[in-house]
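**Q** Dropping a prediction and its sequence here:
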Amino acid sequence: MSFDTACSIVRQEMEDLRFHPETDYIKFDLFGGEPLLEFALLRELVEWTIAQNYPENYYFSVTTNGTLLSDDKKEWFIQHKNFIELILSVDGKEDTQAGNRGCHTGELPIDFVAHNWPEQYLKMTVSDYSLPHFAENMIYLLEKGYRVSGALAVGNPWKQGDEVIYKQELEKIADYYLSHPNIMPAPIFYRLYGELLDEHLGKLPLKNCGTGTTMCAYDIDGKKYPCHMFVPLVHGKDITEDLKTMDFNNHVKLIPPECMECKILKICRTCYGFNYNYRGDISKRDKTACRMFLAEAKVVSAFLIKYLMQRKEKLDGEQILMLKGALKCYEMFHDMPYETI
């Protein structure tokens, strides 16, 4: 992307933000591939944006594997850390990191990122390769004092039986959190499950993400897409005509008829871009992930009940709602056989 194109995108988005007073801030994600390959452009864009003195709230975010974070880049990020954050992709121990990403954990600037952005989680992606060692890898990083998030790799072809392994791994992590109450649970373990309590939703879930509504992506030529999963590079072709048929504002149209009666529909997650790329339709979900989501709901709801009840005298309003959601989730799904979905 050229510098002029990048500036025009920031300028346009900041102008659009003024027409949405309900929006508190805007986040500019700079990503690739590996965004630090274009560090010169990244630096120039951030410094230009700061110089505009925009009154609106904004920040930049960069997800990187950290292998290109040299000392001079570190110094620049420190100087501008009030405007930009680094998110580091780390999947665990040396063998897992090498297998998933082709680099080594010990060579990554984890301490640098954790020190300068202490509220930020290391981003752990769980593939079929690393699934059997999910707990081992997460606890390894937690023991070193890092905050770690963990999420299933989108588009991974999960097979029958993986849900059993996933449940076992999640239970190990849940036990670790319960025995280490001073450690903040990863976002995957801190779910609100408010969709199960909202009677106005009926049996339908909320839209999974902001694709095409509160989120968009720009290709290197400045053309706008619903999210990065719809840029031509992902599909190997321009899908402009197909995009005209996609309605991301009506979440009912994002649910296929065969899923409408599914018992776990409200806790099911999907990626509309992957759906289109793999199955030719933004509504057609990855059915191999259904059992994984059920396993997750079983463990996380049971964990939250125990975790929050340990703190029942000090719960705030959101945590009380979270406890109610966990109780509802446990009631609905804890004894549900995997074969029923």
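**A** Right, received. Where do you want to start?
**Q** Give the burial count for Gly273, as a bare number.
**A** 24 (other C-beta atoms under 10 Å). C-betas here are computed from N, CA, C, even on glycine.
**Q** Wait, it touches Val231, no?
**A** No. Under the criterion of C-beta atoms under 8 Å, Gly273 is not in contact with Val231, lying 9.3 Å apart.
**Q** which helix is the longest one in the chain?
**A** helix 290-309 (DSSP state H).
**Q** Next, the buried residues of it.
**A** By neighbour count on 16 or more other C-beta atoms under 10 Å, the buried set for helix 290-309 is 290-305, 307-308.
**Q** and what of stretch 3-21?
**A** 6, 9-10, 13-14, 17.
**Q** Mind putting those residues into TSV with distance to Met246?
**A** Converted to TSV, the buried residues of stretch 3-21 look like this (distance: C-beta to C-beta, whole Å):
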residue	distance to Met246
Ala6	26
Ile9	22
Val10	26
Glu13	21
Met14	26
Leu17	24
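**Q** how about the CA coordinates for the worst-scoring helix or strand of the chain on mean pLDDT, as CSV?
**A** Counting by mean pLDDT, DSSP states H and E, the chain has its least confident helix or strand at helix 94-101, which shows a mean of 87. In CSV, the C-alpha atoms belonging to helix 94-101 read as follows (Å, rounded to 0.1, in the frame of the first residue of the first chain):
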residue,chain,number,x,y,z
GLU,A,94,9.4,-24.4,21.5
ASP,A,95,8.1,-27.4,19.7
THR,A,96,4.6,-26.1,19.3
GLN,A,97,5.7,-22.7,18.2
ALA,A,98,8.0,-24.2,15.6
GLY,A,99,5.3,-26.5,14.4
ASN,A,100,2.6,-23.9,14.2
ARG,A,101,4.6,-20.9,13.1
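**Q** can you pull the buried residues of that helix?
**A** By 16+ other C-beta under 10 Å, the buried positions in helix 94-101 come out as 96-97, 100-101.
**Q** Report the buried residues of the helix or strand just after that helix.
**A** Next in sequence after helix 94-101, counting helices and strands by DSSP states H and E, comes helix 110-116. Neighbour-count burial for helix 110-116, counted by 16+ other C-beta under 10 Å, picks out 110, 112-114.
**Q** From the chain's centroid, how far away is helix 110-116?
**A** From the chain centre to the centre of helix 110-116 is a distance of 20 Å (C-alpha atoms, centre = their mean, to the nearest Å).
**Q** now for it, which elements pack on it?
**A** helix 71-79, strand 84-88, strand 122-126 (3 or more C-beta pairs under 8 Å, 6 or more residues apart in numbering; DSSP states H and E).
**Q** Go ahead and name everything in contact with the last one.
**A** By C-beta atoms under 8 Å, 6 or more residues apart in numbering, the list of residues contacting strand 122-126 from outside reads 63, 87-92, 100, 110, 113-114, 134, 137-138, 141, 146-153.
**Q** so how far is the helix or strand that it is followed by from its chain's centroid?
**A** The helix or strand immediately downstream of strand 122-126 is helix 134-143, counting by DSSP H and E. When distances are taken as C-alpha atoms, centre = their mean, helix 134-143 is centred 19 Å away from the chain's centroid.
**Q** Looking at helix 134-143 now, give me its mean pLDDT.
**A** What helix 134-143 shows for mean pLDDT is 97.
**Q** can you give me the angle the very next helix or strand once past it makes with strand 122-126?
**A** With elements assigned by DSSP H and E, the helix or strand that comes after helix 134-143 is strand 148-152. Here the directions of strand 148-152 and strand 122-126 differ by 30 degrees (axes from the mean of the first three to the mean of the last three C-alpha atoms, to 10 degrees).
**Q** and after strand 148-152, which helix or strand comes next?
**A** Counting by DSSP H and E, what follows strand 148-152 is helix 162-179.
**Q** now for that next one, which elements pack on it?
**A** The contact analysis (3+ C-beta pairs under 8 Å, 6+ apart) places helix 162-179 against helix 134-143, helix 290-309.
**Q** Just the C-alphas of stretch 297-316, formatted as CSV.
**A** Extracted in CSV, the C-alpha atoms of stretch 297-316 (Å, rounded to 0.1, in the frame of the first residue of the first chain):
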residue,chain,number,x,y,z
ALA,A,297,-19.7,-24.4,26.8
LYS,A,298,-19.7,-27.4,29.1
VAL,A,299,-16.3,-26.6,30.6
VAL,A,300,-16.5,-22.8,30.7
SER,A,301,-19.9,-22.6,32.3
ALA,A,302,-18.9,-25.1,35.0
PHE,A,303,-15.7,-23.1,35.6
LEU,A,304,-17.4,-19.7,35.8
ILE,A,305,-19.9,-21.0,38.4
LYS,A,306,-17.0,-22.2,40.6
TYR,A,307,-14.8,-19.2,39.9
LEU,A,308,-17.5,-16.5,40.6
MET,A,309,-19.0,-18.3,43.6
GLN,A,310,-15.5,-18.1,45.2
ARG,A,311,-16.0,-14.3,45.0
LYS,A,312,-19.7,-14.1,45.6
GLU,A,313,-19.4,-11.4,48.2
LYS,A,314,-17.5,-9.1,45.9
LEU,A,315,-19.2,-9.5,42.5
ASP,A,316,-20.0,-6.4,40.5
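**Q** Centre of the chain to it, how far?
**A** 22 Å.
**Q** is the residue positioned nearest the centre of the chain in a bridge, and if so with what?
**A** Closest to where the C-alpha atoms of the chain average out (C-alpha atoms, centre = their mean) is Ala151, at 7.2 Å. Beta-bridge partners recorded for Ala151 (DSSP bridges): Thr125.
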